[in-house]
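Okay, predicted coordinates and the sequence, questions at the end:
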Amino acid sequence: MEICKKKVIKKFFFIFFFIFFSSSLSFAELTFKNLENKKVSYLDFFLLKFENTLTKRTQILRKQLFASRVQYSHIGVQVDNDKKNEEISIIIYAIMDKQRYSKKNYKQKKKDCNQIRNLIFYQKHGYKFFTQKRDPSLSTNIMKDIFREVFFRNLSFNDREKDFLTSKMSIKITIFHPIKKTELTCSGNVNDYELN
């Protein structure tokens with residue numbers, strides 16, 4: 001009698017696990033099929049690719065052996081599609097290197113914001129080395145051409161769509177000083193000659 005109970009219990013557990021695992025497999029298959037059938041807008045695809053490219057390009061701001069600009073310990077990038085205001089906002093924050101700026105007395109300047117933007121987007125300083133004045137060789141037309149070449153490469157946008165998207169891209173850069181606990185924020189359109 002006891003052997004019979006054990007066999008019944010074993011069969012019950014076997015049937016239970018079989019049903020459980022077969023139903024979970026079909027649930028997994030259904031979930032994958034549902035995910036495969038979801039539609040992603042081309043704009044969302046572009047924004048994801050855009051943010052990934054920006055994140056990769058922030059590597060240009062890593063510490064230099066011989067510092068020719070402000071040194072940063074961390075750069076963060078976030079791209080949002082504000083559907084309400086029909087705008088693409090690019091938020092970049094940069095934290096100055098704590099070790100370096102605990103010894104050096106330095107206050108953030110607007111040109112630092114512009115250099116961050118110029119280096120990430122165009123991989124050019126945009127300022128003359130010795131005078132630190134704005135270099136006219138990085139004009140808005142050159143910026144626009146570089147932007148198109150880098151960020152719209154291998155995407156099927158026509159010129160009108162590229163112009164439209166670029167005109168809707170606002171950028172906000174915040175530079176944090178880790179010692180003085182101050183911050184400087186600059187903003188404008190992505191291809192403005194200088195950010196405000």
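Nice, thanks for sending it over. Numbers count the residues shown, from 1 in each chain.

Could you use CA atoms for every contact and neighbour count after this?
Will do.

can you map out the strands along the chain?
Applying DSSP state E to the chain gives strands spanning 72-82, 87-96, 169-176, 183-189.

With only the CA atoms kept, save the longest one in PDB.
Below are the C-alpha coordinates for strand 72-82, written out as PDB (Å, rounded to 0.1, in the frame of the first residue of the first chain):
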ATOM      1  CA  TYR A  72      37.800  65.300 -16.500                       C
ATOM      2  CA  SER A  73      37.300  62.200 -14.400                       C
ATOM      3  CA  HIS A  74      33.800  61.300 -15.600                       C
ATOM      4  CA  ILE A  75      31.600  62.300 -18.600                       C
ATOM      5  CA  GLY A  76      27.900  61.300 -18.800                       C
ATOM      6  CA  VAL A  77      25.600  61.500 -21.800                       C
ATOM      7  CA  GLN A  78      21.800  61.300 -22.000                       C
ATOM      8  CA  VAL A  79      19.600  61.700 -25.000                       C
ATOM      9  CA  ASP A  80      15.900  62.300 -24.600                       C
ATOM     10  CA  ASN A  81      13.100  62.700 -27.000                       C
ATOM     11  CA  ASP A  82      10.700  65.300 -25.600                       C
END
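
quick one, what contacts the residue nearest to residue 87 when sequence neighbours are not counted?
The shortest distance from residue 87 to any non-neighbouring residue, by Cα to Cα, 6 or more residues apart in numbering, is to residue 168 (5.0 Å). The contact partners of residue 168, by Cα atoms under 8 Å, 6 or more residues apart in numbering, come to 86, 87, 88, 189.

Just the buried subset of those, written out for PyMOL, thanks.
In PyMOL, this line selects whichever of those come out buried by 16 or more other Cα atoms under 10 Å:
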select buried, resi 87+88+189
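
quick one: which of the contacts of residue 168 is nearest to residue 44?
Using Cα to Cα, residue 88 comes nearest to residue 44 of the contacts of residue 168, at 10.9 Å.

export the strands of the chain to JSON lines and tack on mean pLDDT and distance to residue 151?
Listed next are these as JSON lines, based on pLDDT from 0 to 100; distance: least, Cα to Cα, whole Å:
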{"stretch": "strand 72-82", "mean pLDDT": "92", "distance to residue 151": "13"}
{"stretch": "strand 87-96", "mean pLDDT": "94", "distance to residue 151": "14"}
{"stretch": "strand 169-176", "mean pLDDT": "95", "distance to residue 151": "12"}
{"stretch": "strand 183-189", "mean pLDDT": "95", "distance to residue 151": "15"}
